[in-house]
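A.B. asks: build me a structure from this.
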Amino acid sequence: MSEESMRILKTGECPSLSGRSTLTYKIGCKDDKEVYLCLVGNSGQGVFNKDWISLMQLDSLLASEEKPITSGRLHEMFKGKSANSAGFVLAVLLNEKLMKISKGNLRHYERLDPSEFNAVIQALMVSEPDATQPPSAKTTKKHKVSP
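C.D. replies: Residues are numbered from 1 along each chain as shown. As a prediction, the model looks like this:
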């Protein structure tokens, strides 16, 4: 899925789970209003999958998991992709307050109520697109100026 078909709602930064690097990510939606997440940067050396990830599919995967959740559970979404991706996505979910660290084990996580996140995303979806973002290359047209 290309970024051209995605409306970017939010760009964010967060620490990786190890705290050794800063991750950059985007949250966007398509015309069908499904919400997606995309990792776009890492200040450290770790490589990662740059594909858009459906938050609905991610939520379904995590909902089927018994507590506690580990980053290993997310590896299913990234088969054949970078091993860092699962941990990086988990770091984003922590930053967006969709997950929290379990008491007693720093490598275990629990899902949080997504109501606040969903409200913010819904508000962004109904707002006008950010005028500071340049239009995609496909929609940019050059106009001839007459003297």
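
A.B. asks: whichever strand or helix holds residue 110 packs against which elements?
C.D. replies: Following DSSP states H and E, one finds residue 110 within strand 109-111. Where contact means 3 or more CB pairs under 8 Å, 6 or more residues apart in numbering; DSSP states H and E, strand 109-111 is packed against helix 84-95, strand 99-101. C-beta here means a position set from N, CA and C on the backbone, and glycine is covered the same way.

A.B. asks: check which helices and strands the last one sits against.
C.D. replies: In other words, strand 99-101. By 3+ CB pairs under 8 Å, 6+ apart, strand 99-101 packs against helix 84-95, strand 109-111.

A.B. asks: avg pLDDT for the first one?
C.D. replies: Read that as helix 84-95. On average, the pLDDT along helix 84-95 is 95.

A.B. asks: picking up where we left off before, just the helices and strands packed on strand 99-101: most buried one?
C.D. replies: Among these, helix 84-95 has the highest mean neighbour count (mean count of other CB atoms under 10 Å), at a mean of 22.

A.B. asks: list the contacts of that one.
C.D. replies: Helix 84-95 has contacts (CB atoms under 8 Å, 6 or more residues apart in numbering) with 12, 14-17, 23, 25, 37, 39, 42, 46-49, 53, 58, 71-75, 77-78, 99-101, 109.

A.B. asks: tell me the centre residue of this protein?
C.D. replies: In the chain, the centroid-proximal residue (CA atoms, centre = their mean) is residue 37; its distance is 2.6 Å.

A.B. asks: now do the SS call for that one.
C.D. replies: With DSSP: H, G, I helix; E, B strand; the rest coil as the basis, residue 37 sits in strand.

A.B. asks: kind regards, and thank you for your time.
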